Every structure is written in C-alpha cells, then in structure tokens.
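>>> Please work out how this folds:
(chains A, B, C, D, E and F)
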6 protein chains.
Amino acid sequence: MTATYSRSAGRAAAALRPVRLQRGFTCHAEGSVLVSFGATQVLCTASVEDRVPPHKKGSGEGWVTAEYGMLPRATHTRGAREAAKGKQSGRTQEIQRLIGRSLRAVFDLAALGERTITLDCDVLQADGGTRTAAITGAWVAAADAVGRLLAEGKLARSPIRDQVAAISVGLVEGTPLLDLEYVEDSACDTDMNVVMTGAGHFVEVQGTAEGVAFSRTEMGQLLDLADAGIRELLAAQRVALGEVAQRVLPAAA
Amino acid sequence: MTATYSRSAGRAAAALRPVRLQRGFTCHAEGSVLVSFGATQVLCTASVEDRVPPHKKGSGEGWVTAEYGMLPRATHTRGAREAAKGKQSGRTQEIQRLIGRSLRAVFDLAALGERTITLDCDVLQADGGTRTAAITGAWVAAADAVGRLLAEGKLARSPIRDQVAAISVGLVEGTPLLDLEYVEDSACDTDMNVVMTGAGHFVEVQGTAEGVAFSRTEMGQLLDLADAGIRELLAAQRVALGEVAQRVLPAAA
Amino acid sequence: MTATYSRSAGRAAAALRPVRLQRGFTCHAEGSVLVSFGATQVLCTASVEDRVPPHKKGSGEGWVTAEYGMLPRATHTRGAREAAKGKQSGRTQEIQRLIGRSLRAVFDLAALGERTITLDCDVLQADGGTRTAAITGAWVAAADAVGRLLAEGKLARSPIRDQVAAISVGLVEGTPLLDLEYVEDSACDTDMNVVMTGAGHFVEVQGTAEGVAFSRTEMGQLLDLADAGIRELLAAQRVALGEVAQRVLPAAA
Amino acid sequence: MTATYSRSAGRAAAALRPVRLQRGFTCHAEGSVLVSFGATQVLCTASVEDRVPPHKKGSGEGWVTAEYGMLPRATHTRGAREAAKGKQSGRTQEIQRLIGRSLRAVFDLAALGERTITLDCDVLQADGGTRTAAITGAWVAAADAVGRLLAEGKLARSPIRDQVAAISVGLVEGTPLLDLEYVEDSACDTDMNVVMTGAGHFVEVQGTAEGVAFSRTEMGQLLDLADAGIRELLAAQRVALGEVAQRVLPAAA
Amino acid sequence: MTATYSRSAGRAAAALRPVRLQRGFTCHAEGSVLVSFGATQVLCTASVEDRVPPHKKGSGEGWVTAEYGMLPRATHTRGAREAAKGKQSGRTQEIQRLIGRSLRAVFDLAALGERTITLDCDVLQADGGTRTAAITGAWVAAADAVGRLLAEGKLARSPIRDQVAAISVGLVEGTPLLDLEYVEDSACDTDMNVVMTGAGHFVEVQGTAEGVAFSRTEMGQLLDLADAGIRELLAAQRVALGEVAQRVLPAAA
Amino acid sequence: MTATYSRSAGRAAAALRPVRLQRGFTCHAEGSVLVSFGATQVLCTASVEDRVPPHKKGSGEGWVTAEYGMLPRATHTRGAREAAKGKQSGRTQEIQRLIGRSLRAVFDLAALGERTITLDCDVLQADGGTRTAAITGAWVAAADAVGRLLAEGKLARSPIRDQVAAISVGLVEGTPLLDLEYVEDSACDTDMNVVMTGAGHFVEVQGTAEGVAFSRTEMGQLLDLADAGIRELLAAQRVALGEVAQRVLPAAA
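Numbering: from 1, shown residues only, chains lettered A, B, ... in the order given. All right, here's what the predicted structure looks like:
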C-alpha cells in the first residue's frame, strides 16, 4: 500500500482525524453526545419513550430507531431545509435507515422491554463521514440512556450486547485512505462505509464505485484499513463512557 | 411592582438569564453564532447568496429572511421532526416570519444589493425564549456576514442601519417577569415578546393573554421591563462583535 | 394627533368603516355571520361537534378553534388556492391561530363540556382588516351557537365569559389611523392589531413596524384609537345579537 | 311519466328550484356571480390574467379553466378544509375538470388571445346540484369578464360562441326528477348531470347508477327532463346579463 | 351510419380490437388478469382483505374499491411517476372512482361480509381505452377472487349479482366508432365511455364533447354501438372464466 | 461450504433461479425488458429524452437515472400504493438510487451527449431479489435504447463501456446461498447485494447483518458465490441481446 495521495495537515493514509465524544452536550435527552471526526460535528441524542411502533405492540420487545438531519448551513453552501421542502431526501432516508439498523444489531430488543430508543443525529458541521460519526456517537448516547434506565431501576440488565462503530474508507487516486474528509470523498473512485461490532464482525459493508469499479484486492485493503480504524473508535467510545461502559456492556465484551 | 413569584436560582424579576453570544461556532457560514439565554441555546447562521427571491429580481435591492427549526430533542420530551412530518407547524412559520421581519427592520435592502442573507436559527436546547434569543443572535450573525462582505470589498458601505434585539416578558401570578424560562412561560397569564432597535424603538410588540386578559397598566409595566432588558442585550451584542460593531453600524448608532 | 393623511370617502382618522354583522347568512351552521368592515367581507360560521381534540379527551373540557381561508379572488389580483397548492401559507396559519386564541380567551372550556366549536372564517372580499373582522364576526357566530345549545337544553349555563372584538390601527405618513383599508395597510409604517374583551382588557396586541420603528408614545396613541374603536364593535355585536346577547353573556357583562 | 315521489315544498317532478343569478356579488373579480338553485349557493368569479399555461405558450390561443371548492360548513355537518388536509379530494378535482371542459366547449380560444380566464366556483351553501349551479353561474361570470374586455377594447370581438348551462336529473323511487336536492340525491338510484349549449347540443352527459342500473328508456326520460330544464336556465342567464348578453353572444345565438 | 374515417388495420367502425383476458397473470393476488384491448394492456389484480373502511365498520357489509395507475413508460412519451410527484392527478382519481363505482354496481355488499376487495388496475401499455379495459378486466379478477372465497368456504353464496363491462365510443370526423385507439381518441369530437351490466342496463354513461357538441341523434348512435360492443365483452368475460362463471353468477344471469 | 439449509425445488446453494430476459415486452419505450429471476418479475423500460437535469445543463454530458416501483399486489399481501400515500418510501428511494448509480458506472456520459436515459423498474411480481433483477434487466433495456440511437444515427459510437449485473447472496442458518428467494431473505442472518461489471470488478457491495454480524471469512464466501452468479447473468445478458451486444459493447469487452 504505497500512499501517493497527500492528505491535508499531513495526515497519514491510515490515520483517523481527531475524534471527540462529548457527553451531556444538551440537557434534556437521556443521552446527548456531540461527536467530532475532525471538522465533522454531529449531535446525537438518545430519547427513551414508553411506547413502541405498531409492529412491536404487545410483543414484549422494544425498538431502536434513528433519524438524521443536517442543518442548512452545516455545509459549504447552504442547502434547503428539508422541513421547508416538505420531504426528506433519499439520501437522508438512506442514512437514517443505516444508523437504525446498525444500532439494532447490538441491541437485545427483548431485554429492552416495550420501550423505544430514538437516536436523533443532527449534523451541525459537515466535512465528510457524517453517517459514520453519527453511528459512532449514537452508540455512546444510547449507552448513556441505558445507563440511566439501569440506574433508575427501570431495567434489571443491559439490553446492549456489544459496541458498534463505523468509519469510511476509500480509494483516492489509487491510494486507500481511512476516514475521508469532504474533499477526499468528492475525489474518490471508491467510497466504502463499514460498520463493525466490538467483537470485530461486520454489521454493514457498503462499498460504492463512484468512478472506476474496484477489485477484490482493493476491497481487501479497504476492509483492513476500516478494521483498524474502527478498533480505535471502539476504544474511544469506552474511554468516553468511563465506568458507564462497564455497566452497559456484557462482562466478556 | 412587588415581585411575589419566586424564580429559579434566586433570579430577580427584572433580571436576564446569563447571556452568551459565541461567534464562529461553526465554520462554513458567513456568520455563525451560538446564542444562549440561560439553558436556551440557538445556533444562528447567516448565509450570503448572490440571488434574490422573485419579487426582488431586477430591483437592485437585496433580501433578508429567516428559517427556524428545533431539534427533536431540544425539549423535555421528544417532538416530531418537521422534515419527517413533511411540514412546518404554524408555530414554526410564525416564528421564522417574525425573525425575518425583525432583521429586515434594521437593514437597508438597497445598500445590500441583489443578495440574500438567510438567517437559520436552529434550537439546540430549549428553555423558553427561543424566538427572542434567535433574533438577538441572528443580528450578530448577520453583522459578521456583513463584516465579511465589507472586508472582501463586495460592499462599499454597511447596509445595517441599527441593532435589533428581543426579549420576552410576562405576568406570572400577577408578577411582571423579564426573560421567561419554560416553566414560567407555561404558568404565565400574559406573555409578550418585544423586539427593539438600538435607537430604542419598537419593531414588534406581541402580547398574548394566555389566561386572564391584561390591562393597559400591566402592559406598561411589561414594556418597561422589556426596554431595560433589551438595552442589556444590545450592549452584549456590541461587546460580542468587538471592533466589527464599529464597522457595520452607522457612526451615530 | 394632527391627521395629515387624507382617507378615502372623507373618513376621519378615528372612524371605523361601516360595520355590518349579518346573522343567519348560511343555513346549516349553528352560527353563521357575514361580517363587513367596509368592503371587507368575511363569512364566519360556528360548528358544534361532540368531540374534542386528543389533548382534551377525558378532561371534561371543550375546545374552541378557528380556521381561516381566503377565496382566490377575494383580492385585487387572483391568489393561488391553498387547497390546490397543498398547503396553507404561514400567514393563514398565523391568522387562524390568532382567531382561535382570541375566542378561547373569553370561553370557559369546562362549562362548554366535551364539545368543540370550530369557527371557520372565510374571506369573500378583502380590503384590509380581514383578521380583525373575522374575530369580531366569529364571536357573534359563536354566541349564536351557544344560544342554540342553551335553547336545546344541551348546556345549562353559557360558557361565554365576555365579548371579544378586534381592530387594526396604524401609522400612515405619521398619522395614527383606525381600521386600515388595504391601501392604507400597504402604505403604513406601523400596523397593529388589537384584540380586547368587553371588560376593556387586552387579549392580543400585535404591533409591527413595516418601515420605521415606532416609539412608546406612538404606541400609546394607537392603543387609544383601538380602545375606542373596539368599544364601538362590542356595541355592534350586542345590537346584532339582540336578546341572544342577554342569554349568552354573564349578567354583569 | 307518473310521479310517485313527493318532493319538498310541493315541487313538481319537472320543476327547477328557484334560480337566482346575482351579478357583481364581489367587487374585485372581472365577473362575480352568486348563483342559487334553491338553497344551493355558489359564488362564481371570473379572473382574467395575461398569461397562459405552458401548453398554450406562444400558440396565440388563450385558456379557460376552473377551480372548485366548498366552504367547510356549506354542508349539514362540517367537512374538513381541503387546504388544511393538504390536498383536494378526487370529487373536487373531478368537478373542477368538468366545469373547465364545459366552459371551454363554448369558447373560441384563438379569439380570446393569450389570456387565461379562471372560474373559481366556491360553494357557500350546499343542497345538491353544486356542480350544475357552478357551470350555469360560471358562464355568466365569464360573460361579464368578456364584456369588460370588449368594453375596454382589449378584445375586438367576443370569444364566446354560445351559452352553456347544466342541470342534474335522477330517478328517485322510479320517478324521474329534475334538479335534485340533497335528500333526493342521496335517495336516488340514478343521478345524471347534463351540460348543454344554447344550441341544444350536449357538452357532457354523466349518468351514474347509484343503486339499480338504468335502462335506455329511462335514460331518454331523464334527457328529456334535462333538456327542458336547461332551456329555462339558458333563458335565466340571458335575463341576468341583460344587454351584455347581446354583446358577448354571436348574433345568431 | 356511413363510415368515412378509415381506421388502422382496416378495422370496421363497429369492431372491437382483439380482446384478451389472461387469468393468473401474477401469482400472489386472489385474482390477477392481464386484459388487452389491442395494444392497450392493463394488469388487474383483486386483493381480498378482512377489513373494511371506517364508514362500513360494524355494518356487516363489505366494500369494493379500485386504484388505477399507469407505468411511466406505458405511453408514447414518458410521463412523470405519480409516486415521485407525490400526488395522483385528477385524471387518475376520476378513473379509479369510476372503476370502483362500476364494480360496486354489481356487488351485493351485504353478501360479501365485512371484507374489502381492492381492484388494482395498472396500465402496462396504453393505446386508448385504458379505463374501459380496466373495468372489463377488473370484473374477471373480482370473479376469480370470489371463486376462491367460495372454494375455501369463506363465502356460502356469491355476492356477485351480474357482470359489468365497459367500452369507449366516439365521433371521429362525424363517424361513430367503437373502442377508440389513442390516435382516434385524440382526434375525436365526442368521446363516450359506457359501462353496462350483463342485463344490458347502464351503470355509467359519460359523454364528453371535446370539440363540437353532440346531438341527441348522435348520442343514440353511440349508445347502439356501445351496447353491441359490450355484449361481446360480456361474452369474452364468461369464456375467460369458464366454469368459474357458473359459480359466481346468479343462476338466471 | 457445507450446505445445511434445504432450498425450495431442490435448488443448490450456488444455483441461480431460472433467469429470463424478455426484450420488447412493451412497445413504446426505446428499451423494454421483462426480467425474471424465478418468480420475481420486473418490467424495465429505458426512455430516452433530449434533455438533462439542471446539474448537467450545458456540460455536453448526458445523464442516466432510475426510478423503482412495486405494484401494490406484487407481494403476498397488498401494500399501499405509493402514489396514493403521496410519497415514496425510504426503501424505494434507496433502491432507485442504487440502480441509477450501477448503470452510470458503465456509461460514458460524455459519449451519450446531452440526453437522459431513464430506467423505470416496476416490479410486477416479487419473490426476493427485485433490486438485483432490476439492475440486470435495466442494463439490457439501456443497451436496446443505445442500439436504437446508434441505428438511427443519433450516436456515432456507443456510450456503454461495459456490462453490469447484480445478484443477492446471504447466510441462511449458516449456509451461504446465491440469489435469495423471499422466504430465504426473511430468514437470513446476512444479506448482501453485489453489483459487478463485465470486467469482474465491483460497482456496489452492500452487506447487511440482519441478525448475527458476519465475519471476514463469511464475507469472502459470499463474494465468491456472487462472483460466479453474476458471470452467469452477464452471459445471459449477451445471449438476450444477440447481435445488439456486439454493437453496444466495446470491442474488447
């Protein structure tokens, strides 16, 4: 893997941008985390409600879901406000479905009971990787919400089976890069978002050739990069949660 | 005016909550201000675009407009996302129209030229007074955007004629209070939002009796309170802007 | 107060346009009033339904609400039909919320029982002041509906605590004017809508500087004008209702 | 044809309800007619605009179109406001398409020039036959608008080729009835709306079996009734227009 | 009736295009029929659900309804997808209301029990007459669904009282033509859709003058043509159903 | 790879369902293909229009896009019609974006010129794998459209750079399976959609763990299966196109 593309601020091809997971960013939500991957900033809140969607009613199981939004001026040029346009774009819906599936992959819905945890992921500032930052931050917000349910005695044991985090990787001018910034994302031939559990298994792998199609070998390189990056993010999640991590994660995790 | 209602944190009836105007909160917008009135936090961004709405095309004049939103979990209980519902509530539209009118009241649209400044006011955390914080913060964001246009030589002189700021006042259990928090707002008989210019004139006065109708005398007391509170906000705006205030405001202001 | 602006038809600055409150204009509604303020004509119907919105279910209380519309050719140039556009404008929503709040201010919702009174205010012809005419006419329609509920024995006592009426005032070329026509409204610097009860207290005061901001003194002049105008409207309401007024209003009113 | 069904107010099976065509009902529109067929009242306004829809641009031809609405409390029980629901019902769209086609059938669009005449038909009070009243009234409103264009010299000759009017007929308990009221319409087995020109030709025939299917013989009886009724309406239109009728209709008509 | 207009493929004025009713076209629906009138192809599926719309709840009666759609490229030039536009056109709604009424005219809703049969009519290829093909095919699909309910013992007797089929007729250059193709439909002066029962009675007659209004005599000619054409379609329905026809139709039909 | 899951009809774990690519299924579109993967049937039409979306105007480049829909009764139980609901689901938008990206990956947009090819993929019958069938069929429809543009001399050389096809693979009870049917898709732990070019490179890889997360080894097994399956589909595309394949594909492909 010979890196030929030169990244901003001298970042190495396999380096994450500075990651920050700031808990308690807002005060009302059961979990509230401002996650930053470099200049990308996403506010992830976890809201607990004592009701479930129709398809779960009377099942004894709970539900975990996500919504995603971007403030109009989170981006270089102002985007139209989706509430004003009267509908969410296909991109927005695709991302919020991805976040919801990723979180559900590590939740024991029966152990959650008939409750819904909604993860609202709102991008305050965008510079590439908003969906992967959102997944990574949403898991911390969800853990805080579960920690509170445990502390209040509303749950006897944690419904969280494992951690989950996500990162983007891509091929830019033939170079495999970790954690793409906006300019890299725009220039890349292949863009891949990878979601992994604490156990190192895949929850989602979404690779897209924007320009040239990619080979099996290139795919292997990208997955290697993503694997290493996600391990760093998983560690950052545990550090950010401190002793809450012990309480919400299974003993073995 | 004998205050009988006891406010949280021992706040006096005529006292503002701590006010903070944090410029440059996000990096892409021409102006970006996080305004806090106590626990109420609104991100106000000013975006400059070289086009105007149809009714201004070819007029030589610019336009100043606003959009308002609230993150789903800015509030005690989660509210539905307007983008998902597919429409903005009447309350949202009413507030964004108010912010837009308030800002236009101090703008010389001819001096702005055929440009639009859009003020996006997104509530990150709500505890009463989101619209007044939005107006107060939006003016600072607009001033920063104008400062940049002047610095870049795109404008020869500032189109800002004066400052504008806003505060809420209300009668709670017969006591006139300045800058209502959420619990006070819910309990009040009369709620009034006042928007004033740096010159001390009214741009908007919106008084509403939620319970008992209010007398002319009570209205006078509320306007006195608002007047004093807004003067403090105007000073806070100038302090926050520092030397930019000199450049965007007329010499006499 | 030196009137310098010359009004159409030689109207004095402090004079209302001819007011007409024509009851029973249509036959199906429990109350149906065509209200005219000069050339402005609004059809106000009151509909009684034996159900309440979700937030009142099981509360033992009723609800009073309003909807507002304008026929496409009520105005000088044809406006788009909101039903065809698929949404109500911000202006429409703002006005119907105002009418609803104004009517609720004089209703004892507990005394109404679990019923909803919906006031539909549809502008047949517009010449300024449609929202104030609507409030003034809607109260008469509501009174007729209550009169019918009393006559039918569905209510033992009237839930109406007081009258409510509204008028616009404004500063046009420095002159305070009562009850603005369309041309005056377009030309005015300040436009204020005032809603008052029979007891002479304010329910709503909404003052907006369209051009130059207004001073405390000017606001006082406008409120004086509005107060006098509304007293005339309150008298007109009682005259229009005849003996129904005695039955629906409290003895002391 | 033995009438066995007994109509309200002793009306004969072949009798129209009282018809009224009140011109100049509102003041802004180029034509404004309140049409009454008994208790059914529809306000028909004709608006002239100097633009045409995309499919007519540059064709030298004009366009005639219609929109239909019903005030929420035009009916016995309040119906939801279409603007609030955010869409027009299938029934509304079907009716406004019918009105538009009917009017276009008697218009020479080339003679109209690149102009649009929009007929807004808003039902103030409904008691059956709103679409037929709307067509009958809309033609008078359109004639008034054309009269004004001729008077102002904007048109050299009238684009109106003939009159058009409409009536409903139906089989109620086996009896053919003209001009159905709401209770008759609800009870009828077959409901037919017939639109005819001044020359006595059909523009639209829409017969629907609500219950029992109808025979060719019954259809003949219904068309006979409709033919006679429409001739009365055509006369009423000419009477209402007075000398305007001479100016807008071809000499031979 | 002297045919002067020359039809494609030498078709006689009174001739139907080749009719095909292909049952079991798709596998999931309780009834699934691909109906072809020449190049017009409509897929009609009948879906049975054990619930009824609100207005039938608890009535013991069932409901029969229809929805209509056209694939974007069913036509010569691509039309916008209604799901993408976010609303169904007036034309679509008009047609699906017509199909629903036509089917209900031959259904005994009480005998159906509290069930809904939904007829989805989706045009795969359009060449005129899509609504008449849809009605004709939908009846066969509904019959298959009823046949299955009888076979499964869910119904003791058939709720189908009669057959129903439909055809278009029109005047093209003065010639009355049966079963109009797209080019004929575009050229015709009068277009009439006729829906008839097996007993030879009318369910719907919808005649529209696109250009010149039509006389009573012409209407008679068109109805004669339609009558003969529909008898052929009714026969084709029985042939297509084979022995199912015996089971779902009353003995006398 | 020991297959323990027993597939319907004795299908081998690595076997495709019968594949059919029926060209010319409808007559108006420039390309029209009914693709079947077993019981899954998707009608793919390619429409050529001489205009491009705004972001391509004046660029000299064309555009390739896709829309996806499912007939209400394509599935076991009837789904709501998206046109009637007024919006496309997140799933629909996600799929149509995937189809569009996949096709664009093999198109030289500059060689296409300022034209748009729209691929409409409408599911007539669903049994798993609708999106992969759609991509596979859409490419054939696009090839037919390009073949026609070449034949008509509107294009000098083909803008198609390669073939593209897609298949689903998944882990069901630990067994890797190719081309999942609906029952397998519902039961699977991991579901992966793979899109590949004729050159054997990836355009899209979308793997999702529905239940248990998947390992790197399992991912390898799934990609092997997909690779083999797609090679069969690419062959089927060339067979279906016959000599058109030679004309639209580059010599080397």
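>>> which residue ranges form the strands in chain A?
A:19-23, A:31-37, A:40-49, A:63-70, A:116-125, A:164-172, A:175-178, A:190-197, A:202-209 (DSSP state E).
>>> if we compare those strands, which one ends up closest to chain C?
strand A:40-49 (16.4 Å; CB to the nearest CB). Using the backbone N, CA and C atoms, a C-beta is placed for each residue, glycine as well.
>>> strand partners of the closest one, parallel vs antiparallel please.
Strand pairing for strand A:40-49, using DSSP bridges, gives strand A:31-37 (antiparallel), strand A:116-125 (antiparallel).
>>> near chain C, which residues of chain A?
Counting by CB under 8 Å from any CB of the partner chain, the positions of chain A adjacent to chain C are A:G86.
>>> coming back round to it: make TSV out of the strands of chain A and add mean neighbour count.
TSV is the format used below for the strands of chain A (neighbours: other CB atoms under 10 Å in any protein chain shown):
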stretch	mean neighbour count
strand A:19-23	19
strand A:31-37	26
strand A:40-49	25
strand A:63-70	24
strand A:116-125	24
strand A:164-172	27
strand A:175-178	24
strand A:190-197	25
strand A:202-209	24
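>>> could those be laid out in CSV, adding mean pLDDT?
Compiled in CSV, the strands of chain A are given as follows (pLDDT from 0 to 100):
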stretch, mean pLDDT
strand A:19-23, 98
strand A:31-37, 98
strand A:40-49, 98
strand A:63-70, 98
strand A:116-125, 98
strand A:164-172, 97
strand A:175-178, 95
strand A:190-197, 96
strand A:202-209, 96
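>>> could you dump those to TSV with distance to C:T65?
Putting these into TSV (distance: least, CB to CB, whole Å) gives the following:
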stretch	distance to C:T65
strand A:19-23	42
strand A:31-37	35
strand A:40-49	27
strand A:63-70	29
strand A:116-125	30
strand A:164-172	46
strand A:175-178	56
strand A:190-197	47
strand A:202-209	46
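>>> Return the nearest residue of chain A with respect to chain C.
Closest point on chain A to chain C, by CB to the nearest CB, is A:G86, at 7.5 Å.
>>> rewinding a little: okay, the strands paired with strand A:40-49 in JSON lines with distance to D:V64 next?
Formatted as JSON lines, these follow (distance: least, CB to CB, whole Å):
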{"stretch": "strand A:31-37", "distance to D:V64": "59"}
{"stretch": "strand A:116-125", "distance to D:V64": "49"}
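>>> Can you name the residues of the stretch 1-150 of chain A sitting close to chain D?
Taking CB under 8 Å from any CB as the criterion, chain D has no neighbours within the stretch 1-150 of chain A.
>>> Run through the residues of the stretch 101-250 of chain A sitting next to chain B.
Near chain B, when you scan the stretch 101-250 of chain A using CB under 8 Å from any CB, you find A:T118, A:D120, A:D122, A:L124, A:Q125, A:A126.
>>> how about the first one, what does it touch?
Put plainly, it is A:T118. For A:T118, the contacting residues are A:A46, A:S47, A:E49, A:T65, A:A66, A:E67, B:P72, B:R78, by CB atoms under 8 Å, 6 or more residues apart in numbering or on different chains.
>>> from the residues you listed, which is closest to E:E243?
Comparing these against E:E243 with CB to CB places A:T65 closest, at 51.2 Å.
>>> Go ahead and confirm the closest one touches A:R115.
No - A:T65 lies out of contact with A:R115 (CB atoms under 8 Å); the separation is 11.6 Å.
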